[in-house]
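J.: What follows is a predicted protein model with its sequence.
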Amino acid sequence: MAAKMEKTSEKGVYKRGSRYVFSVRVKGVQKWYSFRTFTEARRAKRAFGAQLDAGEFSPRSKVTLHDYLLGDDSEDGWIDNYLNIRPETRSEYRGIIAKYYFQPDGFFSPRLKIAELDPKMVRGFVEYLAKQPGRRSATLSDNTVRNILSPLRAAMATARQDGLI
């Protein structure tokens with residue numbers, strides 16, 4: 001059974017066991033956030049309220065990077081809907097994504113949520129690519145690494161425009 005919630009001096013912030021929590025309702029869905037300290041919870045609640053008032057808040061997307069890029073059973077992915085690229089480029093992007101992006105051979109887990117992708121992870125991906133064997137040399141060239149990053153860069157820009165990140 002969950003610990004009982006106790007009121008605190010900050011309206012809407014409660015103590016539950018050793019944690020401090022608050023809830024928000026966005027588009028009719030309630031979401032709880034938990035923090036180690038009262039100060040963290042109070043700051044987060046105030047920041048959240050400011051974002052909500054300014055219309056800048058959008059809930060984190062639950063879409064996986066894999067489903068966003070390639071689609072799932074019910075709909076097409078970014079690769080099928082991305083405009084202004086030739087069919088050859090679309091085919092090349094699909095091959096790059098399949099070969100380098102996802103496990104077991106690739107870097108990213110198919111379960112990675114698009115909202116969880118951060119700059120540190122992208123740096124790790126670049127380091128992973130830099131160690132991959134190339135056709136004519138021991139490792140991939142800088143230009144090849146840049147080409148492999150192109151679909152990710154374009155997809156993240158589109159995801160940002162779509163409000164997913």
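T.: Good, I have the coordinates. Residues are numbered from 1 along each chain as shown.
J.: Would you mind naming the helix or strand containing residue 30?
T.: Secondary-structure element containing residue 30, defined by DSSP states H and E: strand 29-35.
J.: Show me which positions of stretch 137-145 end up buried.
T.: Judged by neighbour count using 16 or more other CB atoms under 10 Å, the buried positions of stretch 137-145 are 140, 144-145. The way it works is simple: take the backbone N, C-alpha and C, and place the C-beta from them, glycine included.
J.: Out of those residues, which is nearest to residue 8?
T.: For these, the residue nearest residue 8 by CB to CB is residue 145; the value is 49.9 Å.
J.: buried stuff in the one helix or strand the closest one maps to?
T.: Using DSSP H and E, residue 145 maps to helix 142-161. For helix 142-161, a neighbour-count test (16+ other CB under 10 Å) marks 144-145, 148-149, 151-152, 154-156, 158-159 as buried.
J.: quick one, domains of this structure?
T.: Taking automatic domain parsing as the domain assignment, the ranges for the chain are 5-54, 65-161.
J.: Dump those domains to a markdown table, plus mean pLDDT.
T.: Listed next are the domains of the chain as a markdown table, based on pLDDT from 0 to 100:
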| stretch | mean pLDDT |
| --- | --- |
| domain 5-54 | 86 |
| domain 65-161 | 87 |
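J.: Excluding covalently adjacent residues, which one is nearest to residue 154?
T.: Distances taken as CB to CB, 6 or more residues apart in numbering place residue 82 nearest to residue 154, at 6.7 Å, with adjacent residues excluded.
J.: ok, back up a step: the strand holding residue 30 packs against which elements?
T.: If contacts are counted by 3 or more CB pairs under 8 Å, 6 or more residues apart in numbering; DSSP states H and E, strand 29-35 sits against strand 19-26, helix 38-54.
J.: Buried residues in the first one, which are they?
T.: Buried positions in strand 19-26, judged by neighbour count with 16+ other CB under 10 Å: 20-22, 24.
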